[in-house]
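Participant: Would you be able to build a 3D model of this:
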Amino acid sequence: MMTTLTPQAAGDLIAEGRGALDRGDPAAAAQVLRRACEQNPVDYESRYWLYCALAASGEPAALVLNDARDLHAHDVLRSVGADMARFRDDRAYCAQIGSQLYGASLMSAASICFARALDLDAPDPQLMLSYGLSMQHQGRLWEAMNIFRAAAEHFADPAIHEFLLHPVFLSLNGPDGMAEEARNWGRLYATPAAPVKATFANERTADRRLRIGYIGPSFTRSQVAQFILPVLEAHDPAAVEVHLYCADPEAEAGLPAACKLRKIGGLGHAEVAALVRADKIDVLVDVWGHTAGSRLPVFALRPAPVQAAWINFVQSTGLSCMDYVLHCDGMAVPGTEAFFTEEIWSLGELMSPSRPAADRPEPTPTPALRNGYVTFGSFNNPAKLDEMTVAAWALILRARPADRLVLKYRYFADPVLQRATQARFAVYGVGPEKLEFRGHSTGQDYLKEFADIDLALDPSPCVGGTTTHDAMANGVPVLAHMGDNYYARAAACTVLPLGIPELVAETWDDYVERAVALTEDVQALDRLRARVRPAFEASSYRDEAGFTRKLEDAFRQMYARWLQTSN
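Facilitator: Numbering: from 1, shown residues only. Okay, the predicted model is just below:
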């Protein structure tokens, strides 16, 4: 007869395994923790620690982590009052409760519900996408890719296929895999729709008031607002006529009166292309890329002489009909052109201006002065925390035993994601108590949380974006890694305009050393913090008109090139 462990005995074995890990003997720890798992098969805590021991030993450990997550997720299901009998047998119930859990950012429990809800003989596209996204939001990118790839192959739909591109890029495939998948998307959905020969009735001179069109689902209700609104407001009405194509203009607020708004929600791609053509747009700019709500198929129909991609998606669209992608100088790495179907056009030091929130709080001293310890922070999507980033951040925390790391993002509301993240750090010798998790917040509540961070850590090679700008605008120093590809370089490009070069590391060793050195002297750290917000305000980020003149000049040069090369 099998003897089950009492909770105390299970805890004793876990404590023994942790002790072996602390002594630097992961192999011995794995032996002890295997016993705990065998004697208590439903205990997820022993599996989390077994994963740590196996991974620290260099042994395959992913399946053990997945087992821990699944057991833990079932516990979450029970804790929210799910009917476990219906969960086992009722697909419709699983889909319903999975959607509720997804809405609550409990992605781990949502994913096991979606998996059980799927009918492989008659798959539902929205259910498959929700399942894939629930995996992606946990950082389980390979599993997300498998789900999205199956959905793309089954439904052969461009909007569904686009969901595959993001996890491909975030995973170890990097720029190479992303470029291949983007080109594949273009061959499947853009090339067949392209006109044999596009002709235009646009006035054939570049020395006039150009018509610029921007396409995106929204310009004021998404993450692009703080970057594009300054440009829209600064556009010179004598130089350009701006047309905005968005889902619902009535839902937008604060757009300049000079912009001509066009509603494209509910219109097919061909109808939107016809609208653009009727407006005689000279330069059509996509600000969204391969993300939900994209209208890239419009570009395949070639409604404008010049077509460019900007802001929200700096990777290649994969469309041969997209003429340019807009980058900044610092992103240039030899060989980058091979990853793009577009020509890369650099806008100089910046890709865009950056406008801080109008109601941001006043600057505060570095919190270590009052806390007595340093708080590192990352407000980034957990899918960006790849293994090298976790390893580097763990080295920083090990070098600073009294300090801690705050990880904030809406998906960190999930206790399973929290525990799995703790386990990933524990592989490198960082105890769970060193991590603090925070979920979603908005407005002033969000902005005030930057006052709790002494030094923000930017991940790499999948870097921060809006959150990095928000941290700098609120006076938080951000440590960036230079990276070895165009996208990873975006972190350094974001930080360098502040003129504080000590915040950019060349290598991972340099990154760890700088993090430790910058936080060693709290008074010096406070002086560094005091420089950040004034440096942001004095930087080119705040020269909205100057950047917009450069952008307008780039559009004029692009149109002049088209005039020279077109018949």
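
Participant: Now for residue 269: which residues touch it?
Facilitator: For residue 269, the contact set (CB atoms under 8 Å, 6 or more residues apart in numbering) comprises 193, 295, 297-298, 300-301. All C-beta spots, glycine's among them, are computed from the backbone N, C-alpha and C.

Participant: Swap in 10 Å and give it another go.
Facilitator: Neighbour list for residue 269: 158, 189, 193, 295-301, 303 [criterion: CB atoms under 10 Å, 6 or more residues apart in numbering].

Participant: can you give me the helices in the stretch 1-150 of the chain?
Facilitator: For the stretch 1-150 of the chain, the helices defined by DSSP state H, counting those that start in this stretch occupy 7-22, 26-39, 44-57, 62-79, 84-89, 91-103, 107-117, 125-136, 141-155.

Participant: CA atoms only: put the fourth one into PDB for me.
Facilitator: Read it as helix 62-79. Taking C-alpha atoms only, helix 62-79 is exported to PDB below (Å, rounded to 0.1, in the frame of the first residue of the first chain):
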ATOM      1  CA  ALA A  62      10.500  21.800 -19.300                       C
ATOM      2  CA  LEU A  63       8.000  19.000 -18.900                       C
ATOM      3  CA  VAL A  64       8.400  19.100 -15.100                       C
ATOM      4  CA  LEU A  65       7.600  22.800 -15.100                       C
ATOM      5  CA  ASN A  66       4.600  22.300 -17.300                       C
ATOM      6  CA  ASP A  67       3.300  19.600 -14.900                       C
ATOM      7  CA  ALA A  68       3.800  22.000 -12.000                       C
ATOM      8  CA  ARG A  69       1.900  24.700 -13.900                       C
ATOM      9  CA  ASP A  70      -1.000  22.400 -14.800                       C
ATOM     10  CA  LEU A  71      -1.400  21.100 -11.300                       C
ATOM     11  CA  HIS A  72      -1.300  24.600  -9.900                       C
ATOM     12  CA  ALA A  73      -3.800  25.800 -12.600                       C
ATOM     13  CA  HIS A  74      -6.200  23.100 -11.500                       C
ATOM     14  CA  ASP A  75      -5.900  24.400  -8.000                       C
ATOM     15  CA  VAL A  76      -6.700  27.900  -9.200                       C
ATOM     16  CA  LEU A  77      -9.800  26.500 -11.000                       C
ATOM     17  CA  ARG A  78     -11.000  25.000  -7.700                       C
ATOM     18  CA  SER A  79     -10.300  28.200  -5.800                       C
END
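
Participant: Could you name the helices and strands sitting against it?
Facilitator: Helices and strands touching helix 62-79, by 3 or more CB pairs under 10 Å, 6 or more residues apart in numbering; DSSP states H and E, are helix 26-39, helix 44-57, helix 84-89, helix 91-103, helix 107-117, helix 415-426.

Participant: Tabulate the helices of the stretch 1-150 of the chain (CSV), appending distance to residue 218.
Facilitator: Output for the helices of the stretch 1-150 of the chain, formatted as CSV (distance: least, CB to CB, whole Å):
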stretch, distance to residue 218
helix 7-22, 48
helix 26-39, 48
helix 44-57, 40
helix 62-79, 33
helix 84-89, 37
helix 91-103, 20
helix 107-117, 24
helix 125-136, 19
helix 141-155, 24
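
Participant: Mean neighbour count and mean pLDDT for those - can I get that in CSV?
Facilitator: Output for these, formatted as CSV (neighbours: other CB atoms under 10 Å; pLDDT from 0 to 100):
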stretch, mean neighbour count, mean pLDDT
helix 7-22, 16, 84
helix 26-39, 20, 96
helix 44-57, 24, 97
helix 62-79, 18, 97
helix 84-89, 12, 94
helix 91-103, 18, 98
helix 107-117, 25, 98
helix 125-136, 22, 98
helix 141-155, 19, 96
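
Participant: So which of the ones you listed is nearest residue 374?
Facilitator: Comparing the helices of the stretch 1-150 of the chain against residue 374 with CB to CB, the closest turns out to be helix 7-22 (22.6 Å).

Participant: still on that earlier bit, which one of the contacts of residue 269 has the most neighbours?
Facilitator: Greatest neighbour count in the contacts of residue 269, by other CB atoms under 10 Å, goes to residue 299: 30 neighbours.

Participant: That one: what's its closest spatial neighbour, skipping adjacent residues?
Facilitator: residue 307 (5.2 Å; CB to CB, 6 or more residues apart in numbering).

Participant: Where does the one you found sit: helix, strand or coil?
Facilitator: With DSSP: H, G, I helix; E, B strand; the rest coil as the basis, the three-state label of residue 307 is strand.

Participant: That one touches residue 323, doesn't it?
Facilitator: Yes - taking CB atoms under 10 Å as the definition, residue 307 is a contact partner of residue 323 at 5.2 Å.

Participant: Find residues that contact each of those two.
Facilitator: With contacts taken as CB under 10 Å, 6+ apart, the residues that reach both residue 307 and residue 323 are 283-284, 299, 342, 558, 562.

Participant: Out of the contacts of residue 269, list just those in helices.
Facilitator: Within those, residues falling in helices by DSSP state H are 158, 296-300.

Participant: For those, give me JSON lines that also has distance to residue 440 and pLDDT.
Facilitator: Shown next, in JSON lines, are the ones in helices among the contacts of residue 269 (distance: CB to CB, whole Å; pLDDT from 0 to 100):
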{"residue": "158", "distance to residue 440": "30", "pLDDT": "96"}
{"residue": "296", "distance to residue 440": "29", "pLDDT": "96"}
{"residue": "297", "distance to residue 440": "32", "pLDDT": "96"}
{"residue": "298", "distance to residue 440": "32", "pLDDT": "97"}
{"residue": "299", "distance to residue 440": "33", "pLDDT": "97"}
{"residue": "300", "distance to residue 440": "36", "pLDDT": "96"}
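
Participant: Quick check, central residue of this structure?
Facilitator: Nearest to the mean C-alpha position of the chain, counting by CA atoms, centre = their mean, stands residue 381 at 5.5 Å.

Participant: ok, it to residue 316 distance?
Facilitator: Taking CB to CB, to the nearest Å as the measure, residue 381 falls 21 Å from residue 316.

Participant: Likewise for residue 28?
Facilitator: From residue 28 across to residue 316, the span is 49 Å (CB to CB).

Participant: now residue 114
Facilitator: Separation of residue 114 from residue 316 (CB to CB): 30 Å.

Participant: can you give me the strands for this protein?
Facilitator: Counting by DSSP state E, the chain has strands at residues 210-215, 240-246, 260-263, 283-286, 306-309, 324-327, 343-346, 375-378, 404-408, 435-438, 455-457, 478-481, 504-505.

Participant: possible to save those strands as a markdown table with mean pLDDT, mean neighbour count and distance to residue 97?
Facilitator: Below are these laid out as a markdown table (pLDDT from 0 to 100; neighbours: other CB atoms under 10 Å; distance: least, CB to CB, whole Å):
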| stretch | mean pLDDT | mean neighbour count | distance to residue 97 |
| --- | --- | --- | --- |
| strand 210-215 | 98 | 24 | 37 |
| strand 240-246 | 98 | 22 | 34 |
| strand 260-263 | 97 | 16 | 36 |
| strand 283-286 | 98 | 26 | 37 |
| strand 306-309 | 98 | 25 | 39 |
| strand 324-327 | 98 | 21 | 42 |
| strand 343-346 | 98 | 15 | 46 |
| strand 375-378 | 98 | 23 | 31 |
| strand 404-408 | 98 | 21 | 27 |
| strand 435-438 | 98 | 18 | 23 |
| strand 455-457 | 98 | 26 | 36 |
| strand 478-481 | 97 | 25 | 39 |
| strand 504-505 | 97 | 23 | 45 |
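
Participant: any chance of these in CSV, with distance to residue 22 too?
Facilitator: Shown next, in CSV, are those (distance: least, CB to CB, whole Å):
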stretch, distance to residue 22
strand 210-215, 55
strand 240-246, 55
strand 260-263, 61
strand 283-286, 52
strand 306-309, 50
strand 324-327, 46
strand 343-346, 49
strand 375-378, 22
strand 404-408, 18
strand 435-438, 17
strand 455-457, 24
strand 478-481, 28
strand 504-505, 29
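
Participant: Nearest to residue 95, out of those strands?
Facilitator: Closest to residue 95 of the strands of the chain, according to CB to CB: strand 435-438, at 27.8 Å.

Participant: Adjacent strands (with direction) for the closest one?
Facilitator: Its sheet considered, strand 435-438 pairs with strand 404-408 (parallel) by DSSP bridges.

Participant: Many thanks, I have nothing further to ask.
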